[in-house]
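Q: could you look at this predicted model? Sequence included:
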Amino acid sequence: MNYFDRFAIPHGDPLIYASMVAIGLTVIAIIAGLTYFKKWGYLWREWLTTVDHKRIGIMYLISALLMLFRGGVDAIMMRAQTSIPDNTFLDAQHYNEVFTTHGVVMIIFMAMPFIYALMNFVVPLQIGARDVAFPRLNALSFWLYFMGAMLFNISFVVGGSPDAGWTSYFPLAGNDFSQSVGTNYYMLSIQIAGIGTLISGINFITTILKMRAPGMKLMKMPMFTWTAFITNAIVVFAFPVLTIALLLGTMDRLFGANFFTTTNGGMDMLWANLFWIWGHPEVYILILPAFGVYSEVISTFSRRNLFGYKTMVASIVLISFLSFLVWTHHFFTMGQGPLTNSIFAITTMAIAIPTGIKIFNWLLTMWKGKIKFTVPMLYSIAFIPIFTIGGVTGVMLGMASADYQYHNTMFLVAHFHYTIIPGVVFAMLAGLTYWWPKMFGFMLNERIGKWAFWFIVVGFNVTFFPMFFTGLNGQARRMYTYSEATGFGPLNLLSFVGAIGLAIGFALIVYNVYYSVRYASRNISSDPWDARTLEWATHSPVPEYNFATTPEVDSIEAFWDHKKNDRPIFADKIETIHMPNNSGWPFVLSCVFFVWGFSLIFSMWLPAIILTLVILGFMAYRSFEKDDGHHISVKEIEETEKKLRGVS
Amino acid sequence: MKMDHTLPLEYRSEQNQINIVGFWIFLGAEIMLFATLFATYFTLVNRTGSGPSGAEIFEIGPVLIETFVLLTSSFTIGLGVHAMRIGRTKAMMGFFAITLLLGLSFLGVEIYEFIHYVHIGAGLQISAFTASLLTTLGTHGAHVTLGLFWGLFIIIQVKRNGITSATANKSFIFSLYWHFLDIVWIFIFSFIYLKGMM
């Protein structure tokens, strides 16, 4: 391919040119707006350089929601394309790119940051800490993720998107079959974001191990913190495998190595194995924090303590262990023989046991509870039956011999959406609504929230339930169209209608944010839900230093016992607080990573080498930097506390 | 900052302890990283295509030098940390410098080896075996290279500031990193070279 042709879009579609114009106009509007309102300094001082875990959490949240809409547009385009037989809305190449980016964006650039948004905001508060263990690395994690996501998102206007599926199986993803730079984007943008995630994993494990409030034993941690802890342990063990897989894939594509080729001894199945040794634990990285959110929400709104705390902890530990032993179930049909398939079928089905324990614990928490049907609680209640359908169809897919019938059909697509959407998306929406007042100091409107909930739950089922039938009838996934004679038409049209319902639901959530920002009362207490864990013991919104004095804990629900049984958790005497300084280097370094990734994608070697040296230079400079943070004086704390108490 | 004076210098402040715990977790991730590389290597070791096999290209001489040099460097950095604990700044800097020189000679031999491999037709693009061999060795070598700079900067800081709670913490963490690289090399030596030559 001619060098400059690589920068061109492989197929000029009016939709893509329209997006190019839209991206250009948005960038101009943002720059003009920031200049007109003189917000550059504010943006730099308060956000781009912040190391505050709460602000980083909010930035993760905004990026996750943006990516939700990008991935959602891809989804609508796919459902529109297949809504009627022989549709010509998208051509085959464009459809390939759309389903590939939908998968990558939703898993890696939407679900992961959404989870880290809640973890960042909530975990230090729940354990009574002032910040995470390494605040600057936390900022670096966010910016690396953000730059990775942006790099991935420019792919469709510069050089073309990846088109080999979100699993990027070789040899399809190799140079012979994927000739555009799309798969280079896949390899490098996920690599950059993945390094950020790995750093986060190390950071949160250290935070939870070393920075808990006095008296908070491991078995007294709130359930969300427990799930965050185990999730990050999975991150630390799973993400290095992805790092290497992507590295080898990059070497194949850029340097002509032979890891995954079908000549010179390369082995394409090695990619499938490495990818899923990361990819399957990734599924549990997504679901475990969701379980944590549901545990908090269900016990708060059932007005009961969580049933079976210890078995909950034991089951998440067991799930995290089993999650590493099942990866082969993603390719039962790719020829590893009956013995291997049987072993992996059994370990797969074993995961249903600890998950079932958790489902029963939630049901028993609600049993005899006084349930309040708030928006977060509605999502949690809807989650249980829908997720169970996803789990049961998962066991169906886990039977290796039966899997030969319906692997790679829409049945599979329906199954994993039935686990991931109620599992992750519902949980994140529940957590978002639940912790919103803590983040911003006002509540989201319940009425609009319930409308959104019903659109999303009904829309979701209308979209994905028909796929179980079309899948069992033989509709393959990833097919850009089908003939009328197959009879798939009506059910696919129904799916499209459901997708529109989902889109309306998400639009209502955006409207809810807008409406609540304008009209919601700012006069809420620090504990508007009458909740049970430590984050509700400080003001809403939370001051920079989280807690004026470090809390002391002696039970699982320290704050609840404090409210109901008058147990003291805060000492009276305020002392100076030590806080980390803001820093610009995580942002700047991540920008360098962005350009570095871009240079490699297009094989621009000279800039790539120079930027590698710049990155190393940054690290060298950083190793000499001396920064001991700053102190907040007692007087300042007392003033802040007085002001916040006046409001709340 | 709270200080517990019964502990060694590198553990003394709360932030120091957090740094060390964080670094151990990082090493856990590094173990997974190298484990994946080894798994890849063992999967591809016999898939040589039309290129040479390990037995045809491995030579014991340079590998023995590399092993001897790197194992010695792990010993000298131990002496360096010991000198640091008893407050002997000069001895500590000396031992760290010796460690880095040994690391540098390791790297020199490895670079010679790489050039040799490419020269005799075992470059990156030849086969799945050569690609996985060079990637595994290269990743270890890149770690050593990074360590050389890291160690150099620590020596400079100790020279400027003396042995303080902060520099002791950095030096101790660096010594963990260096020992880890040595352990990885032992695996490379035993399971890639010795097994490959048998």
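A: Perfect, thanks for sending it.

Q: close to chain B, is the helix or strand hosting residue A:243?
A: For residue A:243, the host element (DSSP states H and E) is helix A:223-255. Yes - residues of helix A:223-255 contacting chain B under C-beta under 8 Å from any C-beta of the partner chain: A:236-241, A:243-245, A:247-248, A:251, A:255. The way it works is simple: take the backbone N, C-alpha and C, and place the C-beta from them, glycine included.

Q: the residue in chain B positioned nearest to chain A: which element?
A: Chain B approaches chain A most closely through residue B:47 (3.2 Å), counting by C-beta to the nearest C-beta. For residue B:47, there is no enclosing helix or strand under DSSP H and E.

Q: isn't it up against residue A:267?
A: Yes - counting by C-beta atoms under 8 Å, residue B:47 does reach residue A:267; the two are 6.4 Å apart.

Q: now do the shared contacts for these two.
A: Common contact partners of residue B:47 and residue A:267 (C-beta atoms under 8 Å, 6 or more residues apart in numbering or on different chains): residue B:128.

Q: circling back to that earlier point, OK, contacts around the residue of chain B closest to chain A?
A: By C-beta under 8 Å, 6+ apart, the residues touching residue B:47 are A:265-267, B:127-129.

Q: which one of those residues has the most neighbours?
A: Neighbour counts for the contacts of residue B:47 peak at residue B:128, which has 29 neighbours (criterion: other C-beta atoms under 10 Å in any protein chain shown).

Q: quick revisit: can you pull the phi/psi pair for the nearest residue to the residue of chain B closest to chain A once chain neighbours are set aside?
A: Excluding its sequence neighbours, the residue lying closest to residue B:47 (C-beta to C-beta, 6 or more residues apart in numbering or on different chains) is residue A:265, at 3.2 Å. Backbone torsions of residue A:265, given as degrees, to the nearest 10, read phi 90, psi 0.

Q: surely residue A:265 is in contact with residue B:48?
A: Yes - between residue A:265 and residue B:48 there is a contact at 5.7 Å, judged by C-beta under 8 Å.

Q: need the residues touching each of these two.
A: Contact with both residue A:265 and residue B:48 is made by residues B:127-129, according to C-beta under 8 Å, 6+ apart.

Q: what's the closest of these to residue A:165?
A: Proximity of those to residue A:165 (C-beta to C-beta) peaks at residue B:128, which lies at 22.7 Å.

Q: packing partners for the helix holding residue A:243?
A: Counting contacts by 3 or more C-beta pairs under 8 Å, 6 or more residues apart in numbering or on different chains; DSSP states H and E, helix A:223-255 packs against helix A:112-126, helix A:182-210, helix A:268-302, helix A:309-322, helix B:14-44, helix B:128-161.

Q: tilt between the second one and helix A:268-302?
A: What separates the directions of helix A:182-210 and helix A:268-302 is an angle of 50 degrees, with axes from the mean of the first three to the mean of the last three C-alpha atoms, to 10 degrees.

Q: do the same with the first one
A: Between helix A:112-126 and helix A:268-302, the angle formed by their directions is 40 degrees, by the same axes, to 10 degrees.

Q: and helix A:112-126, what does it pack against?
A: Helix A:112-126 packs on helix A:53-82, helix A:135-153, helix A:182-210, helix A:223-255, helix A:268-302, helix A:427-440, going by 3+ C-beta pairs under 8 Å, 6+ apart.

Q: poorly predicted segments of the chain, please.
A: All of this refers to chain A. By pLDDT under 70, the low-scoring segments of chain A are A:1-2, A:646-648.

Q: hm, I was asking about chain B
A: Using pLDDT under 70, chain B drops low at B:1-4.

Q: contacting residues for the residue nearest to residue B:47?
A: A:258, B:44, B:47-49, B:51, B:127-129.

Q: picking up where we left off before, which one of the helices and strands packed on helix A:223-255 lies nearest to residue A:509?
A: Closest among the helices and strands packed on helix A:223-255, using C-beta to C-beta: helix A:112-126, at 12.8 Å.

Q: could you dump the closest one to PDB, C-alpha only?
A: Output in PDB follows, covering the C-alpha atoms of helix A:112-126 (Å, rounded to 0.1, in the frame of the first residue of the first chain):
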ATOM      1  CA  MET A 112     -13.900  -0.300  32.600                       C
ATOM      2  CA  PRO A 113     -13.900   3.500  33.200                       C
ATOM      3  CA  PHE A 114     -17.400   3.400  34.600                       C
ATOM      4  CA  ILE A 115     -16.200   0.800  37.100                       C
ATOM      5  CA  TYR A 116     -13.100   2.800  37.900                       C
ATOM      6  CA  ALA A 117     -15.200   6.000  38.200                       C
ATOM      7  CA  LEU A 118     -17.200   4.400  41.100                       C
ATOM      8  CA  MET A 119     -14.100   2.800  42.600                       C
ATOM      9  CA  ASN A 120     -12.200   6.000  42.600                       C
ATOM     10  CA  PHE A 121     -15.000   8.000  44.100                       C
ATOM     11  CA  VAL A 122     -16.200   5.500  46.600                       C
ATOM     12  CA  VAL A 123     -13.400   3.200  47.900                       C
ATOM     13  CA  PRO A 124     -11.300   5.800  49.700                       C
ATOM     14  CA  LEU A 125     -14.400   7.200  51.300                       C
ATOM     15  CA  GLN A 126     -15.700   3.800  52.300                       C
END
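
Q: flag every buried residue along it.
A: For helix A:112-126, the neighbour count (16 or more other C-beta atoms under 10 Å in any protein chain shown) marks A:112-126 as buried.

Q: next: stretch B:164-179.
A: For stretch B:164-179, a neighbour-count test (16+ other C-beta under 10 Å) marks B:165-175, B:177-179 as buried.

Q: okay, the shared contacts of residue A:265 and residue B:48 in a markdown table with distance to residue A:12 next?
A: Below are these laid out as a markdown table (distance: C-beta to C-beta, whole Å):
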| residue | distance to residue A:12 |
| --- | --- |
| B:127 | 40 |
| B:128 | 38 |
| B:129 | 43 |
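
Q: can you narrow these to ones near chain A?
A: Restricting the shared contacts of residue A:265 and residue B:48 to those near chain A - C-beta under 8 Å from any C-beta - leaves B:127-129.

Q: can you list the residues of chain B near chain A?
A: Near chain A, when you scan chain B using C-beta under 8 Å from any C-beta, you find B:1, B:14, B:17-18, B:21-22, B:25-26, B:28-30, B:32-33, B:36-37, B:40, B:43-44, B:47-51, B:124-129, B:131-132, B:135, B:146, B:149-150, B:153-154, B:156-157, B:170.

Q: just the buried ones from those?
A: Listed as buried from those are B:17-18, B:21-22, B:25-26, B:28-30, B:32-33, B:36-37, B:40, B:43-44, B:47-49, B:51, B:124-129, B:131-132, B:135, B:150, B:153-154, B:157, B:170; burial here means 16+ other C-beta under 10 Å.

Q: for residue A:178, list the residues it contacts.
A: Contacts of residue A:178 (C-beta under 8 Å, 6+ apart): A:162-164, A:172.

Q: recalculate using a threshold of 7 Å.
A: By C-beta atoms under 7 Å, 6 or more residues apart in numbering or on different chains, residue A:178 lies in contact with A:163-164, A:172.

Q: for it, helix, strand, or coil?
A: State at residue A:178, reduced to three classes by DSSP: H, G, I helix; E, B strand; the rest coil: coil.

Q: just the contacts of residue B:47 now: which is nearest residue A:525?
A: Of those, the one sitting nearest to residue A:525 (C-beta to C-beta) turns out to be residue A:267, at 60.8 Å.
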